[in-house]
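S.K.: compute the structure for the input listed below.
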Amino acid sequence: MFSMTLSGGGEIFGQAVPGKDENIPFLVTFGKNGETSWGDDDFNSIFFFTVPKDFNRQFYIKVFDPDCGGENDEIQGLFDSKTMFSVYGGKGVDPDKNVASRGLKNTDNYKQGNLLASKVFGNEATYDNKYYSFGPFNPTEGDYNEKWKSYIFKIVCEGISGDDGNLYRYYLSRDANNDLSIEGANAFTYEYTFRMWNDNKSVSHIYPYVDTGIVSIKERNFDWDDDGVILIVSTYKQGVPAGVSNEDDEKVQIIPVEEAEIGKSLDFQFHKKKEYIVKNNNVVVSLENQRGDALQFFSSPIGGVPVYQPVIGIKKTKRQGTNK
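M.R.: Below you'll find the model as predicted:
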């Protein structure tokens, strides 16, 4: 699958969701009565956190701005939505062993595992622009994955009522009141629903990992609102354009994977329109390999941010007056 150690020998520090390199302001989940044209196709979001087995202290899963109301959230008429955040551990959470846990089907099978904590948030100023901390949790409460040598936890966000958009972020921390990262931890999802910046100079990124055996990927983006271009960058690809969706529709494209990209992350870059600002653009992105298996997007890209490395050919020329 992947190693939690970077190819350069350094460790991953991937506690913030969205991650620093992604340049994404917020995740977004609308209430279940929302319109899909607002940029959320299923009104839930599922993220996984991996905690290394050699970490033996308690930790917290923190949600920034969990209420639906106030400065950051997207109002539809009046703020009357409720959002439920739930943390799961134990058997059934590991998405390698339990595909339903990924939450890619229109059922509630993604709720498998042991419910460790849950809370419903409405329009409560107490939590506006502030963290709410779930925990403390012990690492062994997660679902252990031997290949990753990590315990896996899952957090589910559901828009259980209303039609407003809840914008929020996560942070995995050793402390309830401070952002203290866990060495070797990371976070990932299989379907990324996020908000773009209201800034046509900004570029957002998401980083899927290309595992062994992948020869092509099927990229799907939903409700991009024709807001500029989506480019795919890797150590091999300099900037291949992906198809872009319009409002309330989807675009699907097959993208070949080269041998040089195996075991590395891709960089999907979201470049907004330059002519004018498309405000409050929410978009959904997912990927599958040629077998139909979903790819993971990591908040801290495995192997680091990919940088295009052109292959320069060297041709030998003969010297004048010689046969060399």
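S.K.: now do the helices in the protein.
M.R.: Counting by DSSP state H, no segments of the chain form helices.
S.K.: walk me through the domains of it.
M.R.: 13-191, 196-309 (automatic domain parsing).
S.K.: next, format these as JSON lines and append mean pLDDT and mean neighbour count.
M.R.: Placement of C-beta: from N, CA and C, glycine included. Shown next, in JSON lines, are the domains of the chain (pLDDT from 0 to 100; neighbours: other CB atoms under 10 Å):
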{"stretch": "domain 13-191", "mean pLDDT": "94", "mean neighbour count": "19"}
{"stretch": "domain 196-309", "mean pLDDT": "94", "mean neighbour count": "18"}
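S.K.: work out the gap between stretch 216-231 and the centre of the chain.
M.R.: 15 Å (CA atoms, centre = their mean, to the nearest Å).
S.K.: got the end-to-end distance for that stretch?
M.R.: Length of stretch 216-231, first residue to last, CA to CA, to the nearest Å: 16 Å.
S.K.: swap in stretch 185-194?
M.R.: Start and end residues of stretch 185-194 are separated by 22 Å (CA to CA).
S.K.: could you do stretch 123-132 as well?
M.R.: 14 Å.
S.K.: and for stretch 127-147?
M.R.: Separation of the first and last residues of stretch 127-147 by CA to CA is 38 Å.
S.K.: do the same with stretch 284-295
M.R.: 14 Å.
S.K.: distance from that stretch to the middle of the chain?
M.R.: Averaged C-alpha coordinates place stretch 284-295 at 13 Å from its chain's average position (CA atoms, centre = their mean).
S.K.: touching that stretch from outside, list them.
M.R.: Stretch 284-295 is contacted from outside by 39-41, 102, 104, 190-193, 206, 208-211, 213-223, 268, 297, using CB atoms under 8 Å, 6 or more residues apart in numbering.
S.K.: could you do stretch 218-228 as well?
M.R.: Contacts of stretch 218-228 (CB under 8 Å, 6+ apart): 36-39, 41, 196, 200, 230, 232, 242-255, 268, 270-274, 278, 281-290.
S.K.: go again with 7 Å.
M.R.: Contact with stretch 218-228 is made by 37, 39, 41, 196, 230, 242, 244-248, 250-255, 271-273, 278, 281-288, as judged by CB atoms under 7 Å, 6 or more residues apart in numbering.
S.K.: what about the strands in the stretch 201-324 of the chain?
M.R.: Using DSSP state E, counting those that start in this stretch, the strands found in the stretch 201-324 of the chain span residues 203-206, 209-210, 216-222, 229-233, 240-242, 250-256, 264-265, 267-271, 282-289, 297-298.
S.K.: who wins for proximity to Ser81 among those strands?
M.R.: strand 282-289 (14.7 Å; CB to CB).
S.K.: tell me the angle of the closest one relative to strand 216-222?
M.R.: Orientation check (axes from the mean of the first three to the mean of the last three CA atoms, to 10 degrees): strand 282-289 against strand 216-222 gives 160 degrees.
S.K.: direction included, what does the longest strand anywhere in the chain pair against?
M.R.: Ordering each strand of the chain by length in residues (DSSP state E) puts strand 150-161 first. Strand pairing for strand 150-161, determined by DSSP bridges: strand 44-52 (antiparallel), strand 82-89 (antiparallel), strand 143-145 (antiparallel).
S.K.: so how far is the shortest one off the chain centroid?
M.R.: This means strand 143-145. Chain-centre distance of strand 143-145: 20 Å, with CA atoms, centre = their mean.
S.K.: which residues are contacting that strand?
M.R.: For strand 143-145, contacts defined as CB under 7 Å, 6+ apart pick out 89-94, 96, 113, 151-152.
S.K.: still on that earlier bit, can I get the strands paired with strand 150-161 in TSV with distance to Lys264?
M.R.: Output for the strands paired with strand 150-161, formatted as TSV (distance: least, CB to CB, whole Å):
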stretch	distance to Lys264
strand 44-52	19
strand 82-89	30
strand 143-145	21
